[in-house]
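Q: sharing a sequence plus its predicted fold:
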Amino acid sequence: MTKTPNTKRPVTSAEAKGFQKIGINIRKHWQIYVLLIPALVWYLMFAYYPMAGLQLAFKTYKAKLGIWGSPWCGFQNYTAVFRDVAFWNSIKRTLFINFGRLIFTFPAPILLAIAFNELRVGRYKKVMQTVFTFPHFLSWVIVASVIQNLLSVDGLINSAISALGGTPINILGSEKAFQPLLYLSDIWKGAGYSSIIYLSAISGIDQDQYEAAEIDGASRWQRIIHITLPSILPTISVMFILTCGNLMTAGFDQIFNLSNAATKNVAEVLDMYIYRVTFQGSVDFGFSTAVALFRSVINMIFLLVADRTSKALGGGGLFG
Amino acid sequence: MAKTAAANTAVQTKHKKRKSFEALDWILLILLTAGLLAVLIPFLNVVAISFTSYKEYMQSTWVVWPKNPTLDAYKELFKDSRILIGYKTTLMYLLVGLPLNLILCVTLAYALSRKGWPGRKVILMLVLFTMIFNGGIVPMYLVMKSFNLTNTIWSVILAQGMNTFNMILIYNYFCSLPEALVESASLDGADEWTIMARIIVPLAKPILATVVLFVAVQLWNEYFMSMIFLRSKDFQSLQQVLRSIVMDSQVVDTASQTVDVGERNFTDAIKMAAVMATMVPVMCVYPFLQKYFAKGIMMGAIKS
């Protein structure tokens, strides 16, 4: 310190000034810090404290010792998880179902929005939009109940089939029908709501473009392909990112409520697997936390990769 | 001049309309109407069956509309204590959860929207990080257990006490308000609390209405956490009760089709009455929802 006073002193004093400035700033804004307290307490207790609880993935959970006191066990939980065939099957199923969603469910609201935009019957259109959007606000328990009422052995569809002289089909109990059922119920519940975001993107398109194209002799179909679609591509890419970020989450509520004893073999996605190993049968919280952490990390990676990809492709990213 | 121009455009639009109703329009109209029916018919069937008497349903399960509508199913449903427990629990979620959500979201959003205080960026990052990474349900359950909150409604209310997405919606709205408003008020000597409560919040009514409706629907539909945290018969959310009425006997029904192990055999009419009891309140707020949610998503989409 004393050796080079000339070079050090200005730096330290500037630093001191900096700290002083921060101190003054903090004092000046003390009311803001008071306002922050409730929310920060919530984030600490119910977001970051559970996150810290993820350390259980590397511990052997002992109920008496709690999360913090349980002994460390290294990667023992993970060797057990990776040895479990049911775990790998649930991952395969989750990815398979979610890729199916990308193909079947994802385009539905886009098509719906374009169809809405092309439809030229004012008031009826509003009625339709109201009806299509409504199911989004219902819980999966309600939707599953409605679907069960429709498709069960004595439901509307099967009553119609037997009235016409056919044999009833047990759709809800069929393993083959389970995935199509997921995609269809996804669309039934969510397409109307998700289409709103595309509709608003469409409403932002400059109408002059359409008029110019019309003068140039472009058909309506061509206008959809060459004007509407490219214009909403950024929105599509953002929605695509969001969907990709959830590739490891296959909608627990939906699958839990639509599956039953007959379809449990095809319904065990990762979330269902976590639920089963955590809350049913012999409980090993270390093991299930290991699975949960694995899922969270993979989810985050998916989300970040999708974000980068979308940015590289020229679409908007998620984070600025 | 103006008159003729107006007439001109009127003629033009009329002409446009007539011209544009071509094959494509008919195809779209038919397809969308088919979609409309696909959404409506399941609901109408639920309504119809809930009003059908057991006797009529036994004669034919093909019910378009009951010949003699009765309220029997509803009477039976409300005799069961479970549905009342469900209503009570879910109403508590709303009564406590809504103010809690609003207070936490608004204070945080306001603090973050004010610039110039040290630590703002770090806190914003930490808050946003919870949107892409979270502990998941297992540590959450253990945390609730360690706080001795499981089997009380507080576990669900607190876990649902804050929603980062909603907070961001409000934050974006606050940021879009002119900064001069806050500055002139603070020059007049108003403290932060007053500025927030008296100036910013009244201006942000549309977004707050949106968030209130979002949270209300989220709490009304709360199922997953209730199922994990509430494992006693005295505390059950409405959705849990609905599931136990509709699904639990169905599981057996589709698996073996003959056995019935449910403690009580609910007829299809009672099940559908339960669906109605859970769904009708959402229908009642839906017009308001519709007014606000589109705005809400748009605002969220701008900068999230």
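A: Ah, there it is.
Q: low-confidence stretches in the chain?
A: No chain specified, so I'll use chain A. Counting by pLDDT under 70, chain A has low-confidence residues at A:1-15, A:313-320.
Q: nope, chain B
A: B:1-21, B:60-61, B:63, B:248-266, B:293-304.
Q: domain parsing for it?
A: B:2-50, B:75-302 (automatic domain parsing).
Q: ok, which of those comes nearest chain A?
A: Across those, chain A has its closest neighbour in domain B:75-302 (3.1 Å, CB to the nearest CB). For glycine as for every other residue, the C-beta is placed from the backbone atoms N, C-alpha and C.
Q: close to chain A, is stretch B:27-38?
A: Yes - contact between stretch B:27-38 and chain A, assessed by CB under 8 Å from any CB of the partner chain, occurs at B:Leu28, B:Leu29, B:Leu31, B:Leu32, B:Gly35, B:Leu36, B:Ala38.
Q: hmm, A:Leu112 and the first one touching each other?
A: Which is B:Leu28. No - the criterion here is CB atoms under 8 Å, and B:Leu28 misses it with A:Leu112 at 10.6 Å.
Q: those two: who's more crowded?
A: In this view B:Leu28 and A:Leu112 are compared by other CB atoms under 10 Å in any protein chain shown, and A:Leu112 has more residues nearby, 24 against 18.
Q: the more buried one contacts A:Ala191, correct?
A: Yes - A:Leu112 is within contact range of A:Ala191, at 5.3 Å (criterion: CB under 8 Å).
Q: which residue is nearest the middle of chain A?
A: A:Asn246 (4.3 Å; CA atoms, centre = their mean).
Q: so who does that one touch?
A: For A:Asn246, the contact set (CB atoms under 8 Å, 6 or more residues apart in numbering or on different chains) comprises A:Asn98, A:Asn299, A:Phe302.
Q: so which of the residues of stretch B:27-38 next to chain A belong to helices?
A: Among the residues of stretch B:27-38 next to chain A, DSSP state H puts B:Leu28, B:Leu29, B:Leu31, B:Leu32, B:Gly35, B:Leu36, B:Ala38 in helices.
Q: mind giving me the PyMOL command for buried ones among these?
A: For the buried members of those, the matching PyMOL selection, counting by 16 or more other CB atoms under 10 Å in any protein chain shown, is:
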select buried, chain B and resi 28+29+32+35
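Q: output the ones in helices among the residues of stretch B:27-38 next to chain A in JSON lines, with distance to B:Leu124 appended to each entry.
A: Shown next, in JSON lines, are those (distance: CB to CB, whole Å):
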{"residue": "B:Leu28", "distance to B:Leu124": "44"}
{"residue": "B:Leu29", "distance to B:Leu124": "48"}
{"residue": "B:Leu31", "distance to B:Leu124": "45"}
{"residue": "B:Leu32", "distance to B:Leu124": "42"}
{"residue": "B:Gly35", "distance to B:Leu124": "41"}
{"residue": "B:Leu36", "distance to B:Leu124": "43"}
{"residue": "B:Ala38", "distance to B:Leu124": "43"}
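Q: would you mind finding the most buried of the domains of chain B?
A: The highest average neighbour count among the domains of chain B, using mean count of other CB atoms under 10 Å in any protein chain shown, belongs to domain B:75-302 at a mean of 18.
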